[in-house]
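Participant: Give me the fold of what follows.
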Amino acid sequence: MTAPASVAEVQSRIAAIQARFPAPATAQRTDRGAAFAAALAGAQTTDGLGYVLDPNATPFTPGPSPVASTGPTQAAGGGVDVIAAAKRYLGVPYLWGGTDPNKGLDCSGFVQRVYADLGIDLPRVSRDQARAGTAVASLAQARPGDLIAFGSPVDHIGIYVGDNKMIVAPRRGDVVKIQEVYRTPTAIRRIIDTPAAGASTAPGGTPGPAAYAGLFRAAESRHGLPAGLLNAVAKHESGYNPNAVSPAGARGLMQFMPATARELGIDPMVPSQAIDGAARYLSSNLRRFGSVELAVAAYNAGPGAVARHNGVPPYAETRTYVQRVLGTLRGARA
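Facilitator: The predicted model follows:
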């Protein structure tokens, strides 16, 4: 009688038999399952605009964030930012009732989305959008960024680009695109005040306060700030220069240090983003300290310094800054 095999011998035989055959199907399924899980995890991300992407859809990929032109015939900010923001959606399909660029946009959904990217709230439908802002008398007086509406009552709307062209979500079966203004608008509305080429500038050839007036007003209204405060801060921070860089490294129209800009999630060199960031920062300090004077002091010296000194810090620079900003604000109210 043959002696029974030892445990070691049995395991050795099993290993030899397994070596003759491919890996079992369960291992293959595990690999496929891991791949599927990885793909699903990759699909359930945002597109940078806050939307969760459908794993079965081709995601919308926006172009670069709007960056203001500094060319000689265009004021930085204002309408230039509007057109840059609008061009990010070129190629998005038309969808009636659409407000999500991952699914599609209709004409008013597109307009609302573009201005929302710049921190400006517009009504949802075209007939209400065609009553926003201020009226422009004719297409000859329209500027880039103005809304141009069609129909009576209004049933279609786009954004004027210049040179008798508009960017618009046209119709079913089409995509967001730039096209000719093919008929006479029934309404033209200016949401952001943007001076025409050759309009007044601040000393040194930088855009004057009129270039940003609409953005200032919208941000002040949105964040509960006194009218004129953002203009006063911009005047004394950069002299309205969107490309200003201080020796200490503060950047842009509202002079943000890079670390503060990152905390606020803004590009300080883009006027629309800088203005909204400044409004949020001032509003936060206004709520914290309870006065415009201390909010302005915190903008210059930091909220920590205001808290430590229980008032305007005893720094000559900060005290002079507060006096100048508040003086400009009082002058605007006079």
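
Participant: what's the nearest residue to G162 if we skip its chain neighbours?
Facilitator: Once flanking residues are discounted, G162 sits nearest to P144: 4.8 Å by C-beta to C-beta, 6 or more residues apart in numbering. All C-beta atoms are positioned from the backbone trio N, CA, C, and that covers glycine.

Participant: Show the pLDDT at the residue lying closest to P93 once chain neighbours are set aside.
Facilitator: Once flanking residues are discounted, P93 sits nearest to G104: 4.5 Å by C-beta to C-beta, 6+ apart. Among the per-residue scores, G104 holds a pLDDT of 96.

Participant: Was I right to think G104 contacts V92?
Facilitator: Yes. If you go by C-beta atoms under 8 Å, G104 and V92 touch, sitting 6.5 Å apart.

Participant: what is the residue nearest to P93 paired to in the beta sheet?
Facilitator: Judged by DSSP bridges, the bridge partners of G104 are D100.

Participant: what's the distance between H156 and Y281?
Facilitator: 39 Å (C-beta to C-beta, to the nearest Å).

Participant: same deal with A149?
Facilitator: Applying C-beta to C-beta to A149 and Y281 gives a distance of 35 Å.

Participant: which non-adjacent residue is nearest the residue most central in space within the chain?
Facilitator: Closest to where the C-alpha atoms of the chain average out (C-alpha atoms, centre = their mean) is D117, at 3.9 Å. Once flanking residues are discounted, D117 sits nearest to A85: 4.7 Å by C-beta to C-beta, 6+ apart.

Participant: Can you verify my assumption that that neighbour contacts A116?
Facilitator: No. With contact defined as C-beta under 8 Å, A85 does not reach A116; the gap is 9.2 Å.

Participant: would you list every one of the helices in this protein?
Facilitator: Taking DSSP state H as the criterion, the chain contains helices spanning 7-19, 25-43, 79-87, 107-117, 126-129, 213-223, 229-238, 258-264, 271-289, 292-301, 303-309, 316-333.

Participant: Worst mean pLDDT among those?
Facilitator: Taking the mean pLDDT of the helices of the chain, helix 25-43 comes last: a mean of 40.

Participant: Now stretch 265-283: buried residues?
Facilitator: 266-283 (16 or more other C-beta atoms under 10 Å).
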